[in-house]
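Asker: sequence isn't available, so here's the structure alone:
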């Protein structure tokens, strides 16, 4: 298998480097943080889509602990 096909790509076909993608504080407090699998893919794509925005919004956010 070609390793170049693995990974994440944006709508233009540009590879998304997860190591360079910042993780907003909202993500750090989410119970899906570092969940792996499909959640990791969705979170990475959501963060990439909003990387140039001032405010980060995530409809899938669930707090780690409910108060």
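Answerer: Nice, thanks for sending it over. Everything numeric in this text was worked out from a predicted model, so none of it was measured. Numbering: from 1, shown residues only.
Asker: return the residues in contact with residue 32.
Answerer: 39, 43, 60-62 (Cβ atoms under 8 Å, 6 or more residues apart in numbering). Yep, even glycine has a C-beta here, placed from its N, CA and C like the rest.
Asker: now do the helices in this protein.
Answerer: Assigned by DSSP state H, the helices in the chain fall at 25-28, 37-49.
Asker: closest to residue 15 out of those?
Answerer: Ranking the helices of the chain by their distance to residue 15 (criterion: Cβ to Cβ) puts helix 37-49 first, at 10.6 Å.
Asker: just how off-centre is the closest one within its chain?
Answerer: Distance of helix 37-49 from its chain centroid, counting by Cα atoms, centre = their mean, to the nearest Å, is 3 Å.
Asker: what's the mean pLDDT across it?
Answerer: On average, the pLDDT along helix 37-49 is 93.
Asker: could you do stretch 57-67 as well?
Answerer: For stretch 57-67, the per-residue pLDDT averages 88.
Asker: buried residues in it?
Answerer: The neighbour-count check on stretch 57-67 (16 or more other Cβ atoms under 10 Å) flags residue 58 as buried.
Asker: now stretch 41-56
Answerer: 43-44, 46-48, 56.
Asker: repeat for stretch 18-31
Answerer: Using 16+ other Cβ under 10 Å as the test for burial, stretch 18-31 gives 24, 27, 30.
Asker: so which of those comes closest to residue 6?
Answerer: Nearest to residue 6 out of those is residue 27 (Cβ to Cβ; 22.7 Å).
Asker: report the spatially nearest residue to the closest one, omitting neighbours in sequence.
Answerer: residue 33 (5.6 Å; Cβ to Cβ, 6 or more residues apart in numbering).
Asker: ok, now residue 56?
Answerer: residue 24 (4.1 Å).
Asker: surely the one you found touches residue 47?
Answerer: Yes - counting by Cβ atoms under 8 Å, residue 47 is a contact partner of residue 24 at 6.9 Å.
Asker: mind listing the shared neighbours of these two?
Answerer: Common neighbours of residue 24 and residue 47 (criterion: Cβ under 8 Å, 6+ apart): residue 56.
Asker: nearest spatial neighbour of residue 26, chain-adjacent residues omitted?
Answerer: Residue 26 sits nearest to residue 56 (Cβ to Cβ, 6+ apart), 5.7 Å away.
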